[in-house]
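A.B. asks: No letters, just coordinates:
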């Protein structure tokens, strides 16, 4: 299998976020700063292809020469710097909430726009730099196919991040990595 990746499309937002002390503090406070600053693996297609080829789908381990390596939460923590404290966030699917996505958008980022024929918010249409940077980082951690769009769950997670909630991002990302390697 050949893997081709497109580099991130929000470098300007990232550069602005890095220069903004309040934004960096917010990312640090919710346990996402080190991950935000970690370079994308997408820019290293040969390494990514090697990782994919080494993954044993049936046993959920990496096989390298006659060695078996399990992917542990602590591995993801040390590689990415993601927090291991707090509740494990739900990165994929939906989570129970009495609000509809339009209601969450109206509360969190009323100026934002939905994508065409989509119930997802276009992150670049959000004015608040900190919220934008957190959402881009959450969609990256979630491994979504359209990291420029945030669903209702991502919007709710971002508001919790802004209210200083710390999550066990490392456990969520470990689960996500295994799911992506297996599918």
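C.D. replies: Structure received. On a predicted model such as this, the values are computed, not experimentally measured, just so you know.

A.B. asks: Residue most distant from the centroid, this structure?
C.D. replies: residue 66 (32.5 Å; CA atoms, centre = their mean).

A.B. asks: Need the three-state assignment for residue 68.
C.D. replies: The three-state label given to residue 68 by DSSP: H, G, I helix; E, B strand; the rest coil is strand.

A.B. asks: Excluding covalently adjacent residues, which one is nearest to residue 153?
C.D. replies: Among residues not flanking residue 153 along the chain, residue 95 sits closest, at 5.2 Å (CB to CB, 6 or more residues apart in numbering). In this view, the C-beta of every residue, glycine as well, is placed from N, C-alpha and C.

A.B. asks: burial count for that neighbour?
C.D. replies: Look at residue 95: counted by other CB atoms under 10 Å, it has 12 neighbours.

A.B. asks: State the distance from it to residue 23.
C.D. replies: Using CB to CB, to the nearest Å, residue 95 is found at 25 Å from residue 23.

A.B. asks: Check the secondary structure at the residue nearest to residue 153 for me.
C.D. replies: Three-state assignment for residue 95 (three-state DSSP): coil.

A.B. asks: Name the helix or strand for residue 175, please.
C.D. replies: Taking DSSP states H and E as the definition, one finds residue 175 inside helix 169-182.

A.B. asks: In what element of secondary structure is the residue nearest to residue 56 when sequence neighbours are not counted found?
C.D. replies: Excluding its sequence neighbours, the residue lying closest to residue 56 (CB to CB, 6+ apart) is residue 63, at 5.0 Å. According to DSSP H and E, residue 63 maps onto strand 61-64.

A.B. asks: Much appreciated, bye for now.
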